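[1] What follows is a predicted protein model with its sequence.
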Amino acid sequence: MTAPGARVADVTAVMHKVVDAMPVAPNLVDYDTARAQFSWDAARARLAGLPAGGVNIAHEAVDRHATGDAAQTAALRWLGRDGTRRTLTYAELAAETSRFANVLAALGVHAGDVLFMLAGRVPALYIGVLGALKHRVVVSPLFAAFGPDPIATRIRRGEGSVLVTTAALYRRKVAAMRAHLPSLSHVLVVRESPDDVLPEGTHDLAALLAAASPVYHIAATDPETPALLHFTSGTTGTPKGALHVHAAVTAHRETARVALDLRAGDVFWCTADPGWVTGTSYGIIAPLCLGATLVVDEGDYDAERWYDLLAREAVTVWYTAPTAVRMMMKGGSGAARRHVYPALRFIASVGEPLNPQGVHWGLEAFGQPIHDNWWQTETGGIMIANFAASDIRPGSMGRPLPGIDAAIIARTDDGVRVIDEPGVQGELALRRGWPSMFRTYLHDADRYARCFAGAWYLTGDLARRDADGWFWFVGRADDVIKSSGHLIGPFEVESALLAHPAVAEAGVIGKPDPTVGELVKAFVALKPGIAASPTLERELLAHVRTRLGPAVAPREIAFVPALPRTRSGKIMRRLLKARELGLPEGDTSTLETMA
Ligand code: ATP
Ligand code: MG
């Protein structure tokens, strides 16, 4: 099957970078040699390792820096919603997280118990996650904007015994359910102020921390000890619980070094909330492992404030998401250009495909392109990336990291077949065995087993590889459209729509049709101030037809005020389809915006 994606004009576009002219020599200048020489054993050897034996994420992230030269370096720079700032050095973070581990020990919480974290981006969240990992308690972060149901479902499924939250969130979202959460033995709450009444049946976290010792010796931690339970975004169905182990830290550290170009001394801002895997792997663990300073912004998205933050805090490496890029693009690049970003060295994005327009917009707004990279909750860390030292092919997710073997495969009756020819669309697969690969799906070992075929982990995403080894995202296997014998990836149609100046966002689905199988239908949200009209509709259809050809261009366009999105910002095509066909909407617990 030939890739329909081969039609996309940007396949040949390359954004050349002059590595010698970069202010700081980037990592991974010689990709091929780095790949050839890389071994995970060598990466493991770069970890500090626990004095008591084994590997513990919190030791690699915090304690290893707490006594040496980095002790007084800022580990966390917290920017409160109300303008408050709080900096924690590595030494202070080590003491605070040890206090937290001692609090758990004193409550009788054991290694292997599960702690759920439900809080906004406040210091207690970071202290709690890392402190729990010290005590070998499994951490499951929840997104603070979830309603009571998704919270209760996850705590029940994960059999959480500890919940860390704020008094306000507890009152609003948990108190009424508490009787139906029998596994929950301890609730530790952060009070907003001393007058904030402690809810019944909870402990005051600040008081417990103040009474606890700042010294905690992490016990020997077998690398296969469970560490993190992450629920997937719920883009394609009911969220799955992916379990990760302490050994994953080898990949957290290494992938941030090569794919985000991160190193000691960097000021790093990850805009993902720790309620999602990106916000934990890269919003907490990886930058600390490398001795960088983590900027934590409590506030929500606000383009003007974000530009100001990037400039004022002298952020050097910034990791964001296409949903944020699309929102910034909506407002144009003028506001971004009113600031200067002399410190900013590298920008990356993850979570959804980054349309070529997004890559270029980075150049226009910040003077540098945005580097797309790809991974999933299940992979625990970045697998495929556009690197700082490499040319960018806008629209491509880049090349596999050293230590990662990626392939395009076809499923066959008795397993899978690797497709070696370039440009052919198939399922993206990864050779199993990298350290941050998930170890199971919670309560669903069968589903976990079905993700593997021989040596390969099957990602459920469709992609193709070009002749030079760059990977191009086509779509979710579930989202691909079969029309008149063609296989059409929604991403290429959405990218073509986005190239039109009137379009802010687009979501494309296949609508069953008796003649062609499925016809391509696009849902389009327009930029502010632009009105929908039949003329505009015809113009958009013509625009896509010219770019992609008539077989792939949408047959129908519906203008909508906004697209349905997961709370992590991803377009939910399955909901567009369900609504179009009048079918049940399935799990909508992670839905953010109603169209
Ligand atoms: P669920 O598995 O519950 O349906 P989800 O797959 O969205 O939700 P995540 O693990 O958060 O949950 O997201 C991983 C998926 O996001 C990938 O499998 C891929 O489909 C998409 N994705 C992530 N990064 C990129 C990227 N750079 N380009 C294209 N798609 C991406
Ligand atoms: Mg998924």
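    Looks like it came in fine. Numbers count the residues shown, from 1 in each chain. Ligands and ions are numbered 1, 2, ... in the order given.

[2] Just to check, T440 is in contact with A449?
    No. Look at T440 against A449 with CB atoms under 8 Å: they stay out of range, at 9.3 Å. Where you see a C-beta, it was placed from the backbone N, CA and C, and this is true even at glycine.

[3] Tell me which of the two has more neighbours.
    T440 (15 against 10; other CB atoms under 10 Å).

[4] So V24 belongs to a strand, correct?
    No. Under DSSP: H, G, I helix; E, B strand; the rest coil, V24 falls outside any strand and is assigned coil.

[5] per-residue pLDDT, the spatially closest residue to it that is not a sequence neighbour?
    The spatially closest residue to V24, leaving aside those adjacent along the chain, is R345, at 5.9 Å (CB to CB, 6 or more residues apart in numbering). Looking at R345, its pLDDT stands at 96.

[6] Quick check: R345 touching P23?
    Yes. With contact defined as CB under 8 Å, R345 counts as touching P23 (6.5 Å).

[7] ends of stretch 30-43, how far apart?
    18 Å (CA to CA, to the nearest Å).

[8] now swap in stretch 557-571 and tell me
    First-to-last residue span, stretch 557-571, CA to CA: 16 Å.

[9] now do stretch 348-363
    12 Å.

[10] What residues of it count as buried?
    Across stretch 348-363, burial judged by 16 or more other CB atoms under 10 Å covers 348-363.

[11] Show me which residues of the stretch 101-250 of the chain sit near ligand 1.
    T232, S233, G234, T235, T236, G237, P239, K240 (CB under 6 Å from any ligand atom).

[12] Can you check which helix is longest in the protein?
    Counting by DSSP state H, the longest helix found in the chain is helix 90-107.

[13] Packing partners of that helix?
    Packed against helix 90-107 by the contact rule (3 or more CB pairs under 8 Å, 6 or more residues apart in numbering; DSSP states H and E) you find helix 64-66, strand 74-79, helix 123-134, helix 205-211.

[14] And the shortest one, how far out from the chain middle?
    The reference is to helix 64-66. 26 Å (CA atoms, centre = their mean, to the nearest Å).

[15] and it, what does it pack onto?
    helix 90-107.

[16] What mean pLDDT does the helix it packs on get?
    On average, helix 90-107 scores 98.

[17] who does whichever helix or strand comes after that helix pair up with?
    Scanning forward in sequence from helix 90-107 by DSSP states H and E, the next helix or strand is strand 114-118. Sheet pairing of strand 114-118 (DSSP bridges) gives strand 138-142 (parallel), strand 162-166 (parallel).

[18] The last one vs helix 123-134, what angle?
    Looking back up the chat, that one is strand 162-166. 170 degrees (axes from the mean of the first three to the mean of the last three CA atoms, to 10 degrees).

[19] hmm, who's touching the very next helix or strand once past strand 162-166?
    With elements assigned by DSSP H and E, the helix or strand that comes after strand 162-166 is helix 167-169. Where contact means CB atoms under 8 Å, 6 or more residues apart in numbering, the residues beyond helix 167-169 that reach it are L118, A119, A144, V189, V190, R191, E192, D196, V197, L198, P199, T202.

[20] Output those as CSV; include the columns secondary structure.
    Conversion of the contacts of helix 167-169 to CSV gives the following (three-state DSSP):
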residue, secondary structure
L118, strand
A119, coil
A144, coil
V189, strand
V190, strand
R191, coil
E192, coil
D196, coil
V197, coil
L198, coil
P199, coil
T202, coil
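
[21] I'm done for today, thanks for sticking with me.
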